[in-house]
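quick one: sequence plus predicted model below, questions after.
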Amino acid sequence: MAGGAVQAAIFAAGAVIGGGIATVIVNKRRDASLLPPRPIPVPVPAAAPPAVVQVDNGGRARFSEPIRDVGFVQVLPPVLKNGHPGPISDMLVRRAYTAAYDRRLRHPSWTAEHLNKASLAPPPAAANGGDRSKSTFVEDESLPEPFRAKLKDYFRSGYDRGHMVPAADAKSTQEAMNETFLLSNIAPQVGEGFNRHYWAYLEDWCRKLTNSFEDVYVFTVPLYLPRQDPDGKWRVTHEVIGSPPNIAVPTHFAKVVLTSKPSSASTPSIRDLSMGAFVLPNAIIPDTAPLTGFIVPVEAVEKAAGLTLFSDEVKAKAKHICQSTKCDVTIRRFDDAQKKVKAIGAPKN
Ligand SMILES: *[C@@H]1O[C@H](CO)[C@@H](O)[C@H](O)[C@H]1NC(C)=O
């Protein structure tokens with residue numbers, strides 16, 4: 001897809017609240033190879049100085065030097081001798097996920113998960129699995145206090161504390177599930193009609209991919225997309241919750257999936273890859289909305305977020321996920337009554 005068209009598509013995603021963008025699904029080559037290592041958009045560990053990063057023509061980024069050996073201070077220009085502003089995208093490595101945190105917006109820049117049948121299976125009877133009723137939302141004290149998302153910011157905000165990595169993806173242990181309740185894994189989401197419904201259906205669809213594919217990689221990415229005002233200009237408008245205002249409310253959320261499975265029983269190391277990206281507005285979405293209406297090119301999410309999610313090689317090899325499996329969500333309203341009870345008094349997960 002040409003750059004201009006990608007931009008137009010993502011702008012349209014910002015313009016059409018509740019709607020989506022149909023996109024042409026290009027039939028990509030099927031020749032397979034080993035799944036390369038997970039793409040790393042060079043996040044920097046908390047408290048470490050920002051890395052020196054080189055980006056090649058393909059948009060892949062890597063550290064220019066083995067930073068820990070070089071000693072970062074030596075490569076700093078003198079103008080920064082009194083302090084280095086960053087940005088630092090705190091790399092949060094947890095049991096069930098990895099994430100980068102945005103200190104300005106106070107929610108994740110992205111979260112990454114690797115799902116498979118084993119990771120989602122309930123633990124053996126002897127072991128204690130994660131039970132969400134035993135988890136509570138907690139502030140992430142690994143982040144510097146001024147940049148931390150706070151419980152009081154969400155209180156009476158009208159927004160749900162929306163999991164980027166769902167609790168249901170971390171049932172292996174209570175520790176793993178607890179980590180999904182850190183506010184560094186949370187962003188403000190519209191509750192009714194979004195977090196508790198359509199977004200939850202999409203999360204469920206991602207889990208069910210493990211029935212058809214051996215490995216499922218899921219990126220969740222909060223987005224701020226411009227919409228066109230009546231004067232013809234494009235603007236990004238978003239709320240900030242908390243008093244004083246602290247946490248930004250994304251206009252949209254993306255789920256980007258990559259699946260991998262053996263191309264055949266006799267060639268298990270040759271992988272069949274599929275990928276797809278869905279951008280949903282942070283708004284009430286009717287149950288009847290088709291999932292395919294939210295398809296966007298992966299590149300559109302990358303451009304909107306300023307992130308490189310997959311290498312060019314993976315993009316070239318992967319088919320579109322909707323060619324490999326059915327892209328429709330299962331509507332689940334049966335547990336609404338239970339959710340309403342939980343919502344009283346405080347914003348819900
Ligand atoms: C999980 O979080 C709850 C609530 O904060 C806490 O009481 C419990 O000890 C935690 N469990 C584990 C295993 O970390």
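Arrived safely, thanks for sending.

G158 and the ligand, how far apart?
Going from G158 to the ligand by C-beta to the nearest ligand atom, to the nearest Å gives 24 Å. From N, CA and C alone the C-beta is placed, and that goes for glycine too.

P188 now?
21 Å.

which positions in the chain make contact with the ligand?
K134, S135, T136, V138, Q174, E175, N178 (C-beta under 6 Å from any ligand atom).

can you put these in a markdown table and add neighbour count?
Converted to a markdown table, the residues of the chain next to the ligand look like this (neighbours: other C-beta atoms under 10 Å):
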| residue | neighbour count |
| --- | --- |
| K134 | 10 |
| S135 | 19 |
| T136 | 10 |
| V138 | 13 |
| Q174 | 18 |
| E175 | 14 |
| N178 | 19 |
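
could you pull out the strands for the stretch 201-349 of the chain?
Under the criterion DSSP state E, counting those that start in this stretch, the stretch 201-349 of the chain contains strands at 215-223, 227-228, 234-235, 240-241, 247-248, 252-264, 267-281, 295-296, 319-320.

can you list those strands in JSON lines and add mean pLDDT and distance to P78?
Below are the strands of the stretch 201-349 of the chain laid out as JSON lines (pLDDT from 0 to 100; distance: least, C-beta to C-beta, whole Å):
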{"stretch": "strand 215-223", "mean pLDDT": "98", "distance to P78": "36"}
{"stretch": "strand 227-228", "mean pLDDT": "97", "distance to P78": "43"}
{"stretch": "strand 234-235", "mean pLDDT": "98", "distance to P78": "39"}
{"stretch": "strand 240-241", "mean pLDDT": "98", "distance to P78": "36"}
{"stretch": "strand 247-248", "mean pLDDT": "98", "distance to P78": "34"}
{"stretch": "strand 252-264", "mean pLDDT": "97", "distance to P78": "40"}
{"stretch": "strand 267-281", "mean pLDDT": "96", "distance to P78": "43"}
{"stretch": "strand 295-296", "mean pLDDT": "98", "distance to P78": "44"}
{"stretch": "strand 319-320", "mean pLDDT": "98", "distance to P78": "50"}
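
any idea which of those strands gets closest to A149?
strand 247-248 (5.2 Å; C-beta to C-beta).

for that closest one, which strands pair with it and how are they oriented?
Applying DSSP bridges, strand 247-248 is found paired with strand 240-241 (antiparallel).

and the strand it pairs with, how far from the chain's centre?
20 Å (C-alpha atoms, centre = their mean, to the nearest Å).

same check, this time on stretch 177-189
Using C-alpha atoms, centre = their mean, the offset of stretch 177-189 from its chain centre is 12 Å.

buried stuff in that stretch?
177-189 (16 or more other C-beta atoms under 10 Å).

repeat that for stretch 133-146.
Buried residues in stretch 133-146 (16+ other C-beta under 10 Å): S135, F137, E139, D140, L143.

name the nearest of the buried residues of stretch 177-189 relative to T111.
Once C-beta to C-beta is applied, the member of these that ends up nearest T111 is N185, at 6.4 Å.

wait, the closest one sits on G162?
No - if you go by C-beta atoms under 8 Å, N185 and G162 don't touch, sitting 9.5 Å apart.

about what we covered before: now, the residues of the chain next to the ligand that are in helices?
Members of these lying in helices (criterion: DSSP state H): Q174, E175, N178.

would you turn those into JSON lines with pLDDT?
Listed next are these as JSON lines, based on pLDDT from 0 to 100:
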{"residue": "Q174", "pLDDT": "94"}
{"residue": "E175", "pLDDT": "95"}
{"residue": "N178", "pLDDT": "97"}
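
would you reformat these as a markdown table and include distance to E203?
Formatted as a markdown table, those follow (distance: C-beta to C-beta, whole Å):
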| residue | distance to E203 |
| --- | --- |
| Q174 | 20 |
| E175 | 21 |
| N178 | 18 |
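
nearest to S264, of these?
The closest of these, once distances to S264 are taken by C-beta to C-beta, is E175, at 38.1 Å.

which residues touch the spatially closest residue to that closest one that is not a sequence neighbour?
Spatial nearest neighbour of E175, excluding adjacent residues (C-beta to C-beta, 6 or more residues apart in numbering): R95 at 6.0 Å. Residues near R95 by C-beta atoms under 8 Å, 6 or more residues apart in numbering: A170, S172, T173, E175, A176, E179.

so which of the strands of the stretch 201-349 of the chain comes closest to R333?
strand 267-281 (18.0 Å).

just checking, what packs against that closest one?
helix 3-15, helix 198-208, strand 252-264, strand 295-296, helix 298-305, helix 312-317, strand 319-320, helix 321-324 (3 or more C-beta pairs under 8 Å, 6 or more residues apart in numbering; DSSP states H and E).

using CSV, write down the CA coordinates of stretch 218-226.
Only the C-alpha atoms of stretch 218-226 are listed here, as CSV (Å, rounded to 0.1, in the frame of the first residue of the first chain):
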residue,chain,number,x,y,z
VAL,A,218,-0.7,-10.0,20.0
PHE,A,219,0.2,-6.3,20.2
THR,A,220,-2.2,-3.9,21.8
VAL,A,221,-1.6,-0.2,20.9
PRO,A,222,-3.4,2.9,22.2
LEU,A,223,-3.8,5.4,19.4
TYR,A,224,-4.5,9.1,19.0
LEU,A,225,-6.0,9.7,15.6
PRO,A,226,-6.9,13.0,14.0
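
show residues contacting it.
Contacts of stretch 218-226 (C-beta under 8 Å, 6+ apart): 10-11, 13-14, 105, 107-113, 115, 164-165, 169, 187, 206, 234-236, 238, 248, 250-257, 279, 301, 304-305, 307, 309.
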